[in-house]
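In: heads up, no residue letters with this:
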């Protein structure tokens, strides 16, 4: 909830999940992709997945036009990415829940 509130306070009202499929599932591809992903501030979380798709990027933007610009200018230029697909988040039902201890 804190992350969502902080994003809204900064005017980042649109959340998207971007799924990336890379050309090869090897060490060089992972290394080549991780640094560029880390430099995009609108990617607030990035995960390497087992299976298909290969990566999950949590992206925030102010509005749809800003997301489109981010997609066109940064996300489509990520190295060794074969294909990107995305979906918009309508509502966060559970977020930042404490671990069950």
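Out: Looks like it arrived, so ask away. Keep in mind that what you see is a predicted model, and the values were worked out from it rather than measured.
In: Going by C-alpha atoms from here, please, whenever you check contacts or count neighbours.
Out: Noted.
In: pLDDT on stretch 8-21, on average?
Out: Mean per-residue pLDDT for stretch 8-21: 93.
In: now it: how far from the chain's centre is it?
Out: Distance of stretch 8-21 from its chain centroid, counting by Cα atoms, centre = their mean, to the nearest Å, is 7 Å.
In: what comes up buried for it?
Out: 12-21 (16 or more other Cα atoms under 10 Å).
In: okay if I get those as JSON lines plus secondary structure and distance to residue 72?
Out: As requested, the buried residues of stretch 8-21 are arranged in JSON lines below (DSSP: H, G, I helix; E, B strand; the rest coil; distance: Cα to Cα, whole Å):
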{"residue": "12", "secondary structure": "coil", "distance to residue 72": "18"}
{"residue": "13", "secondary structure": "coil", "distance to residue 72": "19"}
{"residue": "14", "secondary structure": "strand", "distance to residue 72": "16"}
{"residue": "15", "secondary structure": "strand", "distance to residue 72": "16"}
{"residue": "16", "secondary structure": "strand", "distance to residue 72": "14"}
{"residue": "17", "secondary structure": "strand", "distance to residue 72": "15"}
{"residue": "18", "secondary structure": "strand", "distance to residue 72": "13"}
{"residue": "19", "secondary structure": "strand", "distance to residue 72": "15"}
{"residue": "20", "secondary structure": "strand", "distance to residue 72": "14"}
{"residue": "21", "secondary structure": "strand", "distance to residue 72": "17"}
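In: and of the residues you listed, the nearest to residue 63?
Out: residue 14 (5.6 Å; Cα to Cα).
In: What residues are bridge-paired with the closest one?
Out: Beta-bridge pairing of residue 14, defined through DSSP bridges, involves residue 61.
In: ok, it touching residue 63?
Out: Yes. Under the criterion of Cα atoms under 8 Å, residue 14 makes contact with residue 63 at 5.6 Å.
In: What backbone torsions are found at residue 88?
Out: When quoted as degrees, to the nearest 10, the phi and psi of residue 88 stand at phi -90, psi 140.
In: In contact with the closest residue to it other than its chain neighbours, which residues?
Out: Distances taken as Cα to Cα, 6 or more residues apart in numbering put residue 16 closest to residue 88, at 4.4 Å, once the chain neighbours are dropped. Residues counted as contacts of residue 16 (Cα atoms under 8 Å, 6 or more residues apart in numbering) are 58-60, 86-89.
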